[in-house]
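S.K.: everything below, folded, please.
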Amino acid sequence: MASMLGYDSGAHVSSRHTIVRRYRPMTDSDWSHIPEVEIKKKLPLVDNLDYIAQVKYRNQEGMAVCSIFDHSDWQIKHIAEHIADGRNTPGLAVISANSFPKLEVTPDIKGRYCSIATWLPSMSLKEYLRNKDSTERNKLLPVIAFQLISAIRYLGSMEFYYSNIGPESIRIRDGMADGVPYVILTDLHMITGVYKERYGTLSITTPQGNEPEGYENERGYRPPEDYRASDDDNMHTISARKRISWMLGATIYDALAGVPPYGFTKTSTGITPWKDGELENVMLGLKTSNQTCLPAEISNPHLDTLMENMMTCFAGNRSTISELNLELVEKLADGSNIKLANEGIIKGTLSMAGAALDLINPFTRHHESTTKVPGSQQAHKI
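M.R.: Now for the predicted structure:
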């Protein structure tokens, strides 16, 4: 959500609503002089970007983004330069540069810094799961979650982090010879950080949950700490690592249940958004809860325990992706043919002692005291 990070220095960034409008709005035709670019769909703006679109570049699916800020340009190029330098975690999925977009071109257009990133042939997670029943979803989602956790840990080994993630950020390569649905994480422009530079406090300033939504993935996926009770809280910062843990958990939940964990009610006749103000009120009430905010029990017990940790209501008690119990994460791949990392193929020179320190005890849900919310699936198992 924020294009720059605030670290221990106390430096923060303003919200995406403060983009300087010194230039006329970009149009699709502004790309006409770039060879082999086809604009497919213009997307809502996020961060300090003033143009985002799904594209085809040289017959590869991808994303085009533009910004008037040189830092956004530097960040994308910096991530792309190092995306192949991450460290795989032993026992987790093998992650490589092919698990993320490839930066293709970085043209200057109408005074803006622009870029196109593409990815391997694939389909969105939503499209992949669209016609699959609950039995198929429960079989496929653990190995998909396994790869997502592995990929975010891979980024974290370089001190890179997603500022936002949702169902449209995840693509699946299907029909592979080994029968495994392989994950690609898109949205190169949503990855931030400085290679191998570790900061004790990593926080971002975000538009609040009770502000108008500006990105189609956000409603129902955002954590309780995104919401504020008063307009007086103008400089609201939260942990980037804990926030993305929630958003990944919410995205996996949506993939299983067919509806985000909050903001919607699913019935036999369809999916209905909550009334105006209801989502905000519920999330404000959950901000200080010590319980899990996972609305329903998940059939896979390993994924259920991990999701409880990722969706703990109070951010201070929530596990980051790097803090999840590795033994439980590894069990998500049981029975699949997915290739696992071992110490012989680990990249980088970081100490392996860090992996051992990441282990924590899984959070135990007390079903009788778990917070119940309007429209939740609490009484069901998914």
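S.K.: start to end distance for stretch 297-314?
M.R.: 19 Å (CA to CA, to the nearest Å).
S.K.: tell me the buried residues in it?
M.R.: Neighbour counts over stretch 297-314 (16 or more other CB atoms under 10 Å) mark 297-300, 302-314 as buried. In this view, the C-beta of every residue, glycine as well, is placed from N, C-alpha and C.
S.K.: and for stretch 316-328?
M.R.: Buried residues in stretch 316-328 (16+ other CB under 10 Å): 318-326, 328.
S.K.: same thing with stretch 137-147?
M.R.: 137-138, 140-147.
S.K.: let's have these in a markdown table, adding distance to Pro224 and secondary structure.
M.R.: Formatted as a markdown table, the buried residues of stretch 137-147 follow (distance: CB to CB, whole Å; DSSP: H, G, I helix; E, B strand; the rest coil):
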| residue | distance to Pro224 | secondary structure |
| --- | --- | --- |
| Arg137 | 26 | helix |
| Asn138 | 27 | helix |
| Leu140 | 29 | helix |
| Leu141 | 24 | helix |
| Pro142 | 26 | helix |
| Val143 | 29 | helix |
| Ile144 | 25 | helix |
| Ala145 | 22 | helix |
| Phe146 | 26 | helix |
| Gln147 | 27 | helix |
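S.K.: closest to Ala80 among the residues you listed?
M.R.: For the buried residues of stretch 137-147, the residue nearest Ala80 by CB to CB is Gln147; the value is 20.7 Å.
S.K.: contact partners for that closest one?
M.R.: 93, 95, 99, 182-183, 338 (CB atoms under 8 Å, 6 or more residues apart in numbering).
S.K.: quick one: pLDDT of the residue nearest the centre of the chain?
M.R.: Residue closest to the average C-alpha location in the chain (CA atoms, centre = their mean): Ile165, at 2.3 Å. What the model reports as pLDDT for Ile165 is 89.
S.K.: that one reaches Thr251, doesn't it?
M.R.: Yes: if you go by CB atoms under 8 Å, Ile165 and Thr251 touch, sitting 6.3 Å apart.
S.K.: sorry, back to before: sort out for me which of the contacts of Gln147 are in strands.
M.R.: The members of the contacts of Gln147 that map onto strands under DSSP state E are 182-183.
S.K.: so which pair among the contacts of Gln147 is furthest apart in space?
M.R.: Ser99 and Ile338 (12.3 Å).
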